[in-house]
Each structure stands twice: as structure tokens, then as C-alpha cells.
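[1] 3D, please:
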Amino acid sequence: RVYEGAAHNTPCVLKEFNESAPVICRVRDWVATLPADAPNAYVIDLGAGFGFLSMFLAELLPPDRISRCVLMDMTYANRGVDVSSGSTSTEHIYNHGAWRIPLHTLKIDLKKGKALNQIAERVLRAPASAGDARSAPAFVCGVHLCNTLGIRAAQLFNENPEVTGLAFVPCCFPTSRHLAQEVVYQLGEHRFAAKDFMDSKAFPSNSLRFTKWSEHILEGIEPGEKGSKALE
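    Below you'll find the model as predicted:
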């Protein structure tokens, strides 16, 4: 499918693959370095939407090392709840045959205060399998994480040792309303204000503001003594 006005008439799936490629490459590298005795890892796809990233990963990751991809988005219907509805269809996930790596959807509103705790309790800390009480390694990913969702993804990584890798692509920085309200953000030990990336005199273009926003998120990510972080 080619959306109206798409650059160079690029099919949607190719556009999404191009934007997901850095995350896909990073996850493949992580999977290749998993210890041989570690439980099979899994992927958490935050703000998954239609699910392109997880669908790509299901075809490109080794199924003997990745147990599943968990797609999380507030626009899904709750599976198994008759009265639940959602604006994003999951028919293509569940009704068109099996994926090489199973895909599962969860209705999660990452902006809600309890969302990260719910993910930690119900997903991250769950036993790897019926015969293995250990928690499986989790790779948290996200493409097009808008506004403060990038901070929420980084919080999930910082607060849960079960998350062994975080790779995401921010979509946009917060609106100017945060600047007017003098909002201050706290991520790990890093504290910064909206004016620190939205001051029009210091950052006259949206590109500069977006870069500074991304740098502040990176500053707040805490990978631990043996970990590393990078802005690509």
C-alpha cells in the first residue's frame, strides 16, 4: 500500500522497515550475545500500533532464542473481553496463520501512572516457563514513541533489571504547553526542564530541539556498570 502524499511513492511497508532498521539491527546483535544457558528472551514492542516492528522481528530473529513478541498499545482491544474495543485492528496478527515467533497484543496506556508497574508485575517478572522460575531477558523496543513516551520507555528500562536492552526511536518532543507550564522531567538521576530543549533562542529549529530532547533522554538512561548507551 502507498499512502497519498508518500515520499517518492514508497510503499508503506518499505517506509516502516527503513525506520525500524536501526532497532532491528540492535536487537539482532543482542540476541547473538545471549548466554547459552539463559532462558529464551522476548521482545516488548511499546506503542506498537499496527505492529510492523514486531512482524519484521518475527521473521528476522531466531525462534530458538526468542520466545515471543509482546505488542503493547492503548488502541488495541483487550483479548478475551467481549465488550472491549480498540481503534487498531489485530486481525492481521491473529487470523492469518502462525508467525515464526508468536505475537501477542496487550492493551496498555503507557501514560497512566500504574502502567509500568503492571508491565513489571505481569510480564517482566513472570517465570520464563513452567519449568523455569527465572525471569527471561526482555528487549524493550519502540518506534515512533511520541511526546513523553520515550521517557516512559527509559523508565521501564531503568527500574527493571529484567530489561537487558532498550532500543527506541523517538517521534517528537513535547508540545509548547510544557514550556508554558514550566514542566520539569526526572529520569533516573537526570533532571531537566522543558526550557532546556525548547528555548527558541538556544534552539531555533525543531531539529535542534528534537536532538536536545533525545540527548536528555539518553542522559537519564542508566545501563549499569557493565552496560553502555549511545545515540545513533
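
[2] Name the single longest helix found in the protein.
    Selection of the longest helix in the chain by residue count, based on DSSP state H, yields helix 12-32.

[3] Which parts of the protein are helices?
    Secondary structure of the chain by DSSP H: the helices cover 12-32, 52-60, 91-94, 115-119, 149-159, 176-180, 195-198, 206-220.

[4] Could you list the low-confidence segments of the chain?
    Using pLDDT under 70 as the threshold, the predicted model of the chain has low-confidence ranges 1-9, 81-84.

[5] is the most centrally placed residue in the chain in a bridge, and if so with what?
    Closest residue to the average C-alpha location of the chain: G142 at 2.5 Å, with C-alpha atoms, centre = their mean. For G142, the beta-bridge partners under DSSP bridges are L46, F168.

[6] What distance do you get for it to E225?
    If you measure G142 against E225 using C-beta to C-beta, to the nearest Å, the figure is 25 Å. To be clear about C-beta, it is placed using only N, CA and C from the backbone, and glycine gets the same treatment.

[7] Number of residues surrounding the residue nearest to M198 when sequence neighbours are not counted?
    Nearest residue to M198 in three dimensions, chain neighbours excluded: L179, at 4.6 Å (C-beta to C-beta, 6 or more residues apart in numbering). Using other C-beta atoms under 10 Å, L179 has 16 other residues around it.

[8] again with the one 10 residues further on
    Number of residues near E189 (other C-beta under 10 Å) recorded here: 9.

[9] Please report phi then psi for it.
    Recorded main-chain torsions at E189 are phi -90, psi 0, according to degrees, to the nearest 10.
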